[in-house]
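>>> Fold the following and give me the result.
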Amino acid sequence: MNANRPIEAAAAFDVALRGRGQTRDDAAYGQALAFMRAGLTDRAAVAATKAPIGAARGAEINAAILAARANSAYQNGRYMETILALDERTRFAPEQTDLMVLRGYAYLNLVRYGDAERIFRAAASTGNRDAMRGLNDLRAARQPDPDG
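Numbers count the residues shown, from 1 in each chain. Predicted coordinates for the structure are as follows:
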């Protein structure tokens, strides 16, 4: 993992999964992280189930998987799916500011302006520039087109 070769790391963790006890648990966790780093979210989810990885590590992996799924859903124009993944993620970890902004844009694209404004304002109060940009995008979306 430190050499930034996650696929090779995942293969090494697969060998360690043949071990027992803590070694096996650590290998499942490490393999899940390796697959996340490689962008293979589904494989990370499977790896996390290969051995008991503990509550804290499980929450960390689940939060990362759901954040990746939310980002993927947003990039593919599936805004409601984005919100559902973010809602599910909050069961495992507090929502980070960048994910709040993602949620705000999902609401904006769903024409849920009140929800978008609430989220963008909360994130902007932290000084987040993307949230401030979101507020500007929201204002523009609410403005009628003078040529329309």
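>>> By mean pLDDT, point me to the weakest helix or strand of this structure.
Least confident element among the helices and strands of the chain, by mean pLDDT, DSSP states H and E: helix 6-16 (a mean of 86).
>>> what's in contact with it?
For helix 6-16, the external contacting residues (Cβ atoms under 8 Å, 6 or more residues apart in numbering) are 1, 3, 23-24, 26-28, 30-31, 34-35, 37-38, 43, 47. C-betas here are computed from N, CA, C, even on glycine.
>>> same check, this time on stretch 60-68
Under the criterion Cβ under 8 Å, 6+ apart, residues 29, 32-33, 36, 39, 41, 44-45, 48, 53, 85-86, 88-89, 92-93, 96, 99 lie in contact with stretch 60-68.
>>> Tally up the residues packed near A141, please.
Using other Cβ atoms under 10 Å, A141 has 12 neighbouring residues.
>>> er, D115 actually
Neighbour number of D115 under other Cβ under 10 Å is 16.
>>> And R37, by the same measure?
Residues contacting R37 under the criterion other Cβ under 10 Å number 17.
>>> ok, now how distant is it from P94?
22 Å (Cβ to Cβ, to the nearest Å).
>>> Return the members of the contacts of helix 6-16 classed as buried.
Among the contacts of helix 6-16, the ones that count as buried by 16 or more other Cβ atoms under 10 Å are 24, 26-28, 30-31, 34-35, 37-38, 43, 47.
>>> Sweet, I'm off.
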